[in-house]
Structures are given as C-alpha cells and as structure tokens.
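Participant: give me a model of this one.
(one chain, ligands or ions: 2)
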Amino acid sequence: MLHYIGEAIINAVFPSKCHACGILFKPDQHGTIKSINNTIIRDAIFSASEQFSFKSLMTPFLCSTCSHDFLPVESPICSKCGIMFTSREADDHICGECIDSPKNYGKARSSGIYNRVLMQVIHALKYKGLIELASPLGMLLFCTFINHWDPQKIDLIIPVPLHIKRFRQRGFNQAFLLIRKWPLIAKSMGFMLSDTQINRDALVKSRNTGHQTGLDRTDRKKNVKNAFSLHCSGLIKEKRILLIDDVYTTGATIDECARILMRGGAQNVDVLTLAHTMRP
Ligand SMILES: [Zn+2]
Ligand SMILES: [Zn+2]
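Facilitator: Residues are numbered from 1 along each chain as shown. Ligands and ions are numbered 1, 2, ... in the order given. As a prediction, this is how the structure comes out:
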C-alpha cells in the first residue's frame, strides 16, 4: 500500500515526459518503468498483437495519445517486402514493386507502420540517444519475430551495420540495441536463442554513404551499391540469416545487405524491421 501511495505521489510531483511528443503526463499505476515485469513482457510477446504489445510495453514512456497512435502492420501485406496494402480487402500477395524489381532477400516483415509516433520514438532513440527505448522496442520486435519465424530455423541474426564513422558519432548501432537482449528475453519465454546467434562482425559497412533522406528509390539503390562487404565470409556460408534494421523505407539498404550475404554463400536471408513506410 505504502509503495503505491509513494509511487502516486512521485508521479504527481514528477510527471514523465512523453518520449514521442514531449508533453508532460502522469503515468498510470501500471505505467512506471519498474512495473514492466515478466508478466507484462510475457503477455505482450504471446498476445500475437503488436498493437497490444506496443501499448503495454511503451506505457511508461508515452502519453496516452501517443501510445494509442501505433499502427501494426496487418494483412493484407506484400508477401515479399511486407508492405501493408491500403485496401483491407484482398489476401496477401506480391506487390507491383517486388515484381518489377526482384529482391535478394526471402521475405521482409515489420512490427508497425512508420507513422508519427513510431518515427518520433525511433528518432528519439537514434538521434536524441534515449537508449532506454531500445528495450521495449526490442521486445516489440521480438514479438514480431516469433509471429513470423520459427527461432529454430534462423542460424544468424545480423543487425544492419553502420559505417565506423557514423558509429563513432552516434556511439551505438540502434539495430543492434534492439536485439541485444533477445537471448535473455527468449530464455525467459522458453525459446532457444544463444548469444552467438547474434552476429555483429560478419557484415561491415565499408563505404560511408551519407544520409538516404531525400533520395528517391533509384538514387538510394545507387547510393548503397557496394557499400557493404563481408568481414568473415566463412561465418555466413549455408546459414539462414535474419537481417535487422529500424526502418524499411525503399528497402535499398537491406536488399544490398542481402545481396552481399547471398553472394557470400548464405542459404537464405530474411528481413525484420521495427517500422515499414506506407507507399504513397
Ligand atoms: Zn505523446
Ligand atoms: Zn512488395
């Protein structure tokens, strides 16, 4: 009882700042970081609903408007690139873009639509260095992972690497931060996933390409061509690989990574990102 009274007083005196829109808000009694316990994580992961997972995991960090603003990626989607179709009527099928420009990866899936709230939390993590967001967002990503893959059928999980210059500026690779705790989460949920399945060394970004923002699909493709290379090609031979990134925009970066990995002898490369843009 005293604990709850204490927490209520703390919340009233020190409201939280929404990590997306910046307003001050009072977290509800289930909304403190301390109260994100194993039950909440288990419910979020086994709910098979990214909307529920996002809300329950992000409550301590977001005001009520922002936590309700998340849009999960739901069928009908492109069975290749995972883009959500605006029409809610059809079955999953391959989109025109994937037919016109065949991909090097097997399939790509994402947790949510890259809308205002997901963009703001990803920017808060990447550009404002609010790395406390990596843990709940990583759990959300894990939820999408087990909804679409059998963890036993993935040999290596590789975060899309940053160029060393960008890495030094930022101090971290957000794609790696999202999956860093996966072996621990998996263990507590009864899945097998070892630390060695997460690999940051096999693939490197050998050319600094600068920002992709503002470039169209063709220019993005040109910009990332041959920007990645294999550091350790023996590691990926015959392996079933899952590539991780924060946002799928045109897919140019992730597809170039897949091309290099497949050329190096990988058996299959799939893709998982936190957010996926909607095509205009
Ligand atoms: Zn907000
Ligand atoms: Zn597609």
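Participant: what residues does the protein put near ligand 2?
Facilitator: 78, 80-81, 95, 98 (C-beta under 5 Å from the ion). (Each C-beta comes from the backbone N, C-alpha and C, glycine too.)
Participant: which one of those is nearest residue 247?
Facilitator: Nearest to residue 247 out of those is residue 81 (C-beta to C-beta; 13.1 Å).
Participant: and the gap between that closest one and residue 268?
Facilitator: To residue 268, residue 81 is 16 Å away according to C-beta to C-beta, to the nearest Å.
Participant: who has more neighbours out of these two?
Facilitator: The residue with more neighbours, out of residue 81 and residue 268, is residue 81; 25 against 18, by other C-beta atoms under 10 Å.
Participant: doesn't the more buried one fall inside a strand?
Facilitator: No - the assignment for residue 81 is coil, going by DSSP: H, G, I helix; E, B strand; the rest coil, so no strand is present there.
Participant: ok, it - contacts?
Facilitator: 95, 97-98, 103, 108, 248, 251 (C-beta atoms under 8 Å, 6 or more residues apart in numbering).
Participant: now swap in residue 170 and tell me
Facilitator: By C-beta under 8 Å, 6+ apart, the contact list for residue 170 reads 126, 129, 162.
Participant: would you list the phi and psi of it?
Facilitator: Phi and psi for residue 170, reported as degrees, to the nearest 10, are phi -80, psi -30.
Participant: show the model's pLDDT score for it.
Facilitator: According to the prediction, residue 170 has pLDDT 94.
Participant: roughly how far does it sit from residue 177?
Facilitator: From residue 170 to residue 177 the distance is 10 Å (C-beta to C-beta).
Participant: repeat for residue 21
Facilitator: Counting by C-beta to C-beta, the gap from residue 21 to residue 177 is 22 Å.
Participant: number of nearby residues for the closest residue to residue 46 other than its chain neighbours?
Facilitator: Nearest residue to residue 46, sequence neighbours excluded (C-beta to C-beta, 6 or more residues apart in numbering): residue 189, at 7.7 Å. For residue 189, the neighbour count with other C-beta under 10 Å is 18.
Participant: would you map the helices across the stretch 151-280 of the chain?
Facilitator: With DSSP state H, counting those that start in this stretch, the ranges of helices along the stretch 151-280 of the chain come out as 164-170, 174-179, 182-189, 217-224, 252-263.
Participant: helices or strands next to the shortest one in the packing?
Facilitator: Spelled out, that is helix 174-179. Contact partners of helix 174-179 among helices and strands, from 3 or more C-beta pairs under 8 Å, 6 or more residues apart in numbering; DSSP states H and E: helix 116-126, helix 134-148, strand 156-159, strand 240-248.
Participant: need these in JSON lines (columns: distance to ligand 1, mean neighbour count and mean pLDDT).
Facilitator: Below are those laid out as JSON lines (distance: least, C-beta to the ion, whole Å; neighbours: other C-beta atoms under 10 Å; pLDDT from 0 to 100):
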{"stretch": "helix 116-126", "distance to ligand 1": "7", "mean neighbour count": "20", "mean pLDDT": "97"}
{"stretch": "helix 134-148", "distance to ligand 1": "15", "mean neighbour count": "22", "mean pLDDT": "94"}
{"stretch": "strand 156-159", "distance to ligand 1": "28", "mean neighbour count": "23", "mean pLDDT": "98"}
{"stretch": "strand 240-248", "distance to ligand 1": "20", "mean neighbour count": "23", "mean pLDDT": "98"}
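Participant: point out the one among these that comes closest to residue 55.
Facilitator: Within these, the stretch nearest residue 55 is helix 134-148; the backing value is 10.1 Å (C-beta to C-beta).
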